[in-house]
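Participant: Give the three-dimensional model of this entry:
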Amino acid sequence: MPNNKPRDVQVIYIADETYALRSRSWNRLRFEIEYALEKGTTANSFLIQGNLQALIDPPGGTFTEIYLDELRKRVNILDISYVILGHVNQNRIETLKALLEINNRLTFVCTNPAAIALRQNLEETYGDRLKIQVVRGEEVLDLGKGHVLKFIPTSTPRHPDQLCTYDSKTQILYTDKFFGAHVCGDQVFDEGWSQLLGDRRYYFDSTMANQVRQVESALDKLIDIPVSFYAPGHGPMVRYGAHELLKLYRQWSESQKQQNISVALLFASAYGNTTTIANALARGITKAGVSVELINCESAEPEEIKAAIEKSSGFLIGSPTLGGHLPTQVQTALGIVLSTATKSYQAGVFGSYGWSGEAVDIISGKLKDAGYTLAFEPIRIKFTPTEATLRVCEETGTDFAQALKRAKKVRTTLNPGSTVEQAVGRIVGSLCVLTVKRGEISTAMLASWVSQATFNPPGITVAVAKDRAIESYLYEGDRFVLNILEQGKQVRKHFMKKFAPGEDRFIDVQSEETIGGLILSEGLAYLECRVAQRMECGDHWLIYAIIENGKLLQSNGLTAVHHRKTASNY
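Facilitator: Next up, the predicted model:
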């Protein structure tokens, strides 16, 4: 539900001569649209006041005005010498322009890819007044009073310009995109850090799981640095759970690498929209237990692209349209794909556009002419993708991954016909339909692994496969409706069929909306539930939910029960 709290900037003294300026929004921001956990976010910026003063990671344009108001209370902006940028995107440019209008003597400190982006956006207006100091990993910046800053480039396909910064005096490591979480609240540090692990895991799965090779390279650079705490770009700072979170990043990355099927996902992006689509597709693929090698064609070497294709079982290519054509980098990548991938590979094409969108058609045509079969209709999205279209992209990614697994005949259950599998299959469960409603998005799944879990408060558990589209809406605090089906009714057959990505699950089904989900009129009973806990269990998530309301709709009906002979399927 939307939160009516106004956006604000929380200013906290966190170490010697060091402040955190946490720009907070209790509602989800545009750049956060690919995250289903609607918990808002903080955009964390930092001010170091040595003899020279430095600002780290000013927030995006959403916060420009209120951020500058709070910054002026702590410092004369004319006295700031450096602005250090963990990465550059269009969202942040507006605030950088506002800072330059006040103080045109600022020096930006960033990596070379970030410097290129700054020049593209600012040089025409500011010309020679635009001062950029490019760092490559060996430079230091002495601000005085003991604050000597060291820079660690941590490039990833999603953020090729990413930079971490370490202050040797305070031992704070400013980690930009690493170790973050999209949550908003008053908590500055991670007291009770284990309670935040669900949010941090979801953040990792959404932003890091599709680029684990580069993530591990970055972790190798950070692991031996003595830190008092991590200061990420989003969410609470990581002090109490720093060691555990670093170890978990390693474990989560290793888990992705151990998948025996991989997809090469190649893309370029003009304004970030194609990147957003790529990330949604990648999220769906990884949910299905298939690894992704995310390749940003704008920064990848040809050898890297070729190696990713050679070890993959399928590939996706995404591109914006620039002047009716493909960007040069995508043309190069497509040439490598055509000369490397066998015709049996599963393939897919996607892209965003502003006016015409020829790029998607060009790539699709060349792949078809070369003999490749496209696994899904090319995805063409005009301007910025909506939440609904991103959910379709995620489901498309999951379907793509499942098709690869079927082609490889990958089994994810016990050996067929084993006595254990037969015995497990005799566990009986009631047939239910779990429904979720979030704004314009409504979805459902047929569930039979359901059980009452507690008397007081009344609670249930539901097992949800990791590759189900609905699992993104079943985190702590989320609400759903569990519709218990009646024996002999045909509504179960409707929900047993396979739905296409984005297909309306409720066509020809009588239902009414309630808080969090939909009530099926043909059901035996329904329960309105709130997720209280979520536990990872192999290839499923176990959801424990508290029942807040419910009603028996058919007093004389019998519960539909699911009988199985094998544990290899539902």
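Participant: Next, the buried residues of the lowest-mean-pLDDT helix or strand in the chain.
Facilitator: Sorting the helices and strands of the chain by mean pLDDT, DSSP states H and E puts helix 419-424 at the bottom, at a mean of 82. In terms of neighbour count (16 or more other C-beta atoms under 10 Å), helix 419-424 has its buried residues at 421, 422. Every C-beta, even on glycine, is put in place using the N, C-alpha and C of the backbone.
Participant: Pull the distance from it to the chain's centre.
Facilitator: 37 Å (C-alpha atoms, centre = their mean, to the nearest Å).
Participant: Residues touching whichever helix or strand comes after it, excluding its own?
Facilitator: Scanning forward in sequence from helix 419-424 by DSSP states H and E, the next helix or strand is strand 429-430. For strand 429-430, contacts defined as C-beta atoms under 8 Å, 6 or more residues apart in numbering pick out 448, 449, 450, 451, 484, 485, 559, 560, 561, 562.
Participant: From those, pick the one nearest residue 134.
Facilitator: residue 449 (54.5 Å; C-beta to C-beta).
Participant: distance of the closest residue to the closest one other than its chain neighbours from residue 530?
Facilitator: Spatial nearest neighbour of residue 449, excluding adjacent residues (C-beta to C-beta, 6 or more residues apart in numbering): residue 463 at 3.8 Å. Separation of residue 463 from residue 530 (C-beta to C-beta, to the nearest Å): 18 Å.
Participant: where do the helices sit along the stretch 351-500 of the chain?
Facilitator: 358-369, 387-408, 419-424, 491-496 (DSSP state H, counting those that start in this stretch).
Participant: Please identify the most buried of those helices.
Facilitator: Per residue and on average, the most neighbours among these fall to helix 387-408, with a mean of 21 (mean count of other C-beta atoms under 10 Å).
Participant: can you pull out the helices in the protein?
Facilitator: Secondary structure of the chain (DSSP state H): helices at 64-74, 90-102, 112-126, 197-207, 212-222, 242-257, 273-287, 302-311, 328-340, 358-369, 387-408, 419-424, 491-496.
Participant: any idea which of these is most buried?
Facilitator: It is helix 273-287: most buried of those by mean count of other C-beta under 10 Å, with a mean of 26.
Participant: okay, the angle between that helix and helix 387-408?
Facilitator: Relative orientation of helix 273-287 versus helix 387-408 (axes from the mean of the first three to the mean of the last three C-alpha atoms, to 10 degrees): 50 degrees.
Participant: how is this structure carved up into domains?
Facilitator: 8-255, 259-408, 419-562 (automatic domain parsing).
Participant: For these, could you give me CSV that also reports distance to residue 568?
Facilitator: Shown next, in CSV, are the domains of the chain (distance: least, C-beta to C-beta, whole Å):
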stretch, distance to residue 568
domain 8-255, 23
domain 259-408, 14
domain 419-562, 6
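Participant: Figure out which of those is closest to residue 569.
Facilitator: Closest among those, using C-beta to C-beta: domain 419-562, at 9.0 Å.
Participant: Endpoint to endpoint, the closest one covers what distance?
Facilitator: Terminal residues of domain 419-562 lie 20 Å apart, using C-alpha to C-alpha, to the nearest Å.
Participant: next one: that domain to chain centre, how far?
Facilitator: Centre to centre, stretch against its chain (C-alpha atoms, centre = their mean), the figure for domain 419-562 is 25 Å.
Participant: try stretch 351-358
Facilitator: Distance, centroid of stretch 351-358 to centroid of chain: 24 Å (C-alpha atoms, centre = their mean).
Participant: Then stretch 553-563?
Facilitator: Chain-centre distance of stretch 553-563: 39 Å, with C-alpha atoms, centre = their mean.
Participant: in it, what counts as buried?
Facilitator: Buried residues in stretch 553-563 (16+ other C-beta under 10 Å): 553, 557, 560, 562.
Participant: Burial check on the residue nearest to residue 59 when sequence neighbours are not counted, number of neighbours?
Facilitator: Excluding the flanking residues, the one nearest residue 59 by C-beta to C-beta, 6+ apart is residue 43, at 3.7 Å. As a burial measure, residue 43 scores 26 neighbours (other C-beta atoms under 10 Å).
Participant: Residue 43 against residue 60, yeah?
Facilitator: Yes - taking contacts as C-beta atoms under 8 Å, residue 43 lies within contact range of residue 60: 6.4 Å.
Participant: thinking again about what came up before, now the helices of the chain in CSV, please, with extra columns for distance to residue 379.
Facilitator: Converted to CSV, those look like this (distance: least, C-beta to C-beta, whole Å):
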stretch, distance to residue 379
helix 64-74, 33
helix 90-102, 22
helix 112-126, 26
helix 197-207, 19
helix 212-222, 24
helix 242-257, 23
helix 273-287, 7
helix 302-311, 20
helix 328-340, 15
helix 358-369, 8
helix 387-408, 6
helix 419-424, 38
helix 491-496, 26
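Participant: now residue 489: how far from residue 231?
Facilitator: 55 Å.
Participant: So for these two, which sits in the more crowded spot?
Facilitator: Shown here are residue 489 and residue 231; by other C-beta under 10 Å, residue 231 has more neighbours (30 against 17).
Participant: Dump the helices of the stretch 351-500 of the chain to JSON lines, plus distance to residue 432.
Facilitator: Output for the helices of the stretch 351-500 of the chain, formatted as JSON lines (distance: least, C-beta to C-beta, whole Å):
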{"stretch": "helix 358-369", "distance to residue 432": "40"}
{"stretch": "helix 387-408", "distance to residue 432": "21"}
{"stretch": "helix 419-424", "distance to residue 432": "20"}
{"stretch": "helix 491-496", "distance to residue 432": "9"}
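Participant: For these, which has the smallest mean pLDDT value?
Facilitator: Within these, confidence is poorest for helix 419-424, with a mean of 82 (mean pLDDT).
Participant: okay, residue 490: pLDDT?
Facilitator: Note for residue 490: predicted pLDDT of 81.
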